[in-house]
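Visitor: coords below, sequence missing:
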């Protein structure tokens, strides 16, 4: 079911990218072909736009995305999924790939992200900081410790010296967001970029820098990339000023 | 025919063989006796049995109504009651939020008047599992009721049996094989339930983390453990399906005789 949704999502992405690329008269660059990008779920919106811009730059290129939890993507690549590019939401999963000899290039850091407390629109429960989340009456959800955002949440609670008992440990960060935007949870720990993406459906409460965790996003060409040249072109584009600008607009900090 | 059937068997058997092939047999015991794994297993069994029980209690009357009572819009009602079979489970979970969640149509009153909250509770797991599992029972039992010669029931009624007595002593024994089969199907579906559970009930060890959720999450960090847990789930289901299959056949011949 999940992979079917993903397939549908990538199909839609391709379709919208194909439409977006129409009628563009910029001088075409060298051929890039089909580039398959495996990217962390938190990059969904930003990378979709970057893919769009990339295809404007390379009209004959086609970017196909597979968005999922970084850990899941590493498993998929390890099992032989045909990825050209792997963009991870943490160093840990990238290291897992490089240690297994799964990357062809030295991973390049392209973005950083901070964590935030996500609450309902207008912050109805009046949460001011991490310490408030210890309140047993609040329904707090975080990611599971098995995925990066859950590991970070646990680090933040430890840094703040508070004991928080989440009601649920979600499989990925978007599930935490939807629990809060649906009003079923009062608060959650997600990336700053997720709060921005949720728009008016949620609000964010900053976590002070001294207890916050910085998530680092590395990207690399995979070892068995069917299209290594296209992969490198895509990574160069992510690292370019244009890519940086798009990442900025979604709330990602410069590396 | 045989060749095609052979392909079908291989299609089902090969993934299982794959799991067995990749299973870390030397560490298996360690993963099995892990506290979290046992908790998830117990929760899975308890919740799936509850879901099966609820499916029988509500599903049999529903099947009977669909099979025996003529009323306008019956086709629509039948489709409605089996919709959760085709609904992507995650969508089912979100729909349950809209109905029974803290802000849901009914859920807001459960919360306000009775202080009952289903999301993130074990009861929520049972609700999610029942939602996706019950149609399997309803469809099976309804089909059996339709095939049943209604004249037998009519005869019982003319001999003075009440409607309830007829149902209990004539109808129910006649459809027992279908009832057992439907209950087993529902149970199997509930045991493997993932999408609606993780969406509606969330994932927390001891409260809502069932085996499929535990398997999925350990796949992220520890695929070996995930394989062992999955095999346990498969072994239990397999044992029950094989065991009940024989009894179900036995019951069928008894009825035919």
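Guide: On my side now, so go ahead. Quick caveat: nothing in here was measured; it's all calculated off a predicted structure. Numbers count the residues shown, from 1 in each chain, chains lettered A, B, ... in the order given.
Visitor: From here on, just use CA atoms for contacts and neighbour counts.
Guide: OK.
Visitor: Mind listing residues that contact the helix or strand hosting residue A:111?
Guide: Secondary structure assigned from DSSP states H and E places residue A:111 in strand A:108-119. For strand A:108-119, contacts defined as CA atoms under 8 Å, 6 or more residues apart in numbering or on different chains pick out A:127, A:129-130, A:152, A:177, A:180-181, A:186-193, A:195, A:202-207, A:212-220, A:238-239, A:247, A:251-255.
Visitor: if you set the cut-off to 6 Å instead, what comes out?
Guide: Residues outside strand A:108-119 that contact it (CA atoms under 6 Å, 6 or more residues apart in numbering or on different chains): A:186-192, A:202-207, A:214-219, A:239, A:252-255.
Visitor: What residues does the stretch 151-257 of chain B have near chain A?
Guide: Within reach of chain A by CA under 6 Å from any CA of the partner chain, the stretch 151-257 of chain B has these residues: B:202, B:203, B:204, B:220, B:221.
Visitor: Give me the pLDDT for the third one.
Guide: As predicted, residue B:204 sits at a pLDDT of 92.
Visitor: next one: the last one
Guide: Reading off the confidence values, residue B:221 has pLDDT 74.
Visitor: what about the nearest residue to it once chain neighbours are set aside, neighbour count?
Guide: Leaving aside its chain neighbours, residue B:221 sits nearest to residue A:146 (5.9 Å; criterion: CA to CA, 6 or more residues apart in numbering or on different chains). By other CA atoms under 10 Å in any protein chain shown, the residues close to residue A:146 number 19.
Visitor: contacting residues around residue 84?
Guide: Since no chain was named, I'll use chain A. Counting by CA under 6 Å, 6+ apart, residue A:84 has contacts A:36, A:37, A:221, A:222, A:225, A:231.
Visitor: hmm, I had chain B in mind actually
Guide: Applying CA under 6 Å, 6+ apart, the residues near residue B:84 are residue B:132.
Visitor: In what element of secondary structure is it found?
Guide: Applying DSSP H and E, one finds residue B:84 within helix B:74-86.
Visitor: Show me what counts as buried in that helix.
Guide: B:78, B:81, B:82, B:84, B:85 (16 or more other CA atoms under 10 Å in any protein chain shown).
Visitor: and which of those residues is nearest chain A?
Guide: Ranked by distance to chain A (CA to the nearest CA), those are led by residue B:85 at 12.9 Å.
Visitor: residues from the stretch 51-200 of chain A in reach of chain B?
Guide: So far as CA under 6 Å from any CA goes, the stretch 51-200 of chain A lies against chain B at A:71, A:72, A:146, A:168, A:169, A:184.
Visitor: which one is the second one nearest to, not counting chain neighbours?
Guide: Beyond its immediate neighbours in the sequence, the residue positioned closest to residue A:72 (CA to CA, 6+ apart) is residue B:220, lying 5.6 Å away.
Visitor: so the one you found sits in a helix?
Guide: Yes - Residue B:220 forms part of a helix when assessed by DSSP: H, G, I helix; E, B strand; the rest coil.
Visitor: confidence score at residue 12?
Guide: In the absence of a named chain, chain A is used. 46.
Visitor: switch to chain B, that's the one I care about
Guide: 92.
Visitor: quick one on the thing from earlier: among the residues of the stretch 151-257 of chain B next to chain A, who's most crowded?
Guide: Result: residue B:202 is most packed of these (other CA under 10 Å), 30 neighbours.
Visitor: looking at this, the residue nearest to residue B:221 is in a strand?
Guide: No - counting by three-state DSSP, residue A:146 is not part of a strand but coil.
Visitor: Pop the domain breakdown of chain A in here.
Guide: If you go by automatic domain parsing, the domain ranges for chain A are A:2-112+A:216-249, A:113-214.
Visitor: Mean pLDDT lowest where, among these?
Guide: Among these, domain A:2-112+A:216-249 scores lowest, at a mean of 82.
Visitor: How far off centre is it?
Guide: 11 Å (CA atoms, centre = their mean, to the nearest Å).
Visitor: Find the nearest non-adjacent residue to residue A:164, please.
Guide: residue A:134 (4.6 Å).
Visitor: try residue A:170
Guide: Residue A:170's closest residue in space is residue A:143 (CA to CA, 6+ apart), at 4.4 Å.
Visitor: what about that neighbour, how many neighbours?
Guide: Around residue A:143 there are 27 residues (other CA under 10 Å).
Visitor: Low-confidence ranges, chain B, go.
Guide: Along chain B, the model assigns pLDDT under 70 to residues B:245-257.
Visitor: quick one, helices of it?
Guide: Ranges of helices in chain B, per DSSP state H, are B:2-22, B:28-32, B:35-68, B:74-86, B:89-100, B:107-114, B:122-147, B:150-158, B:163-166, B:172-174, B:176-192, B:195-200, B:211-221, B:223-256.
Visitor: Give me whichever of those is most buried.
Guide: helix B:195-200 (a mean of 28; mean count of other CA atoms under 10 Å in any protein chain shown).
Visitor: Chain A contacts on the stretch 1-150 of chain B?
Guide: residue B:102.
Visitor: which residues does the spatially most central residue of chain B contact?
Guide: Chain B has residue B:186 as the residue nearest its centroid, 2.6 Å off, counting by CA atoms, centre = their mean. By CA under 6 Å, 6+ apart, the contact set of residue B:186 is B:52, B:133, B:134, B:136, B:137.
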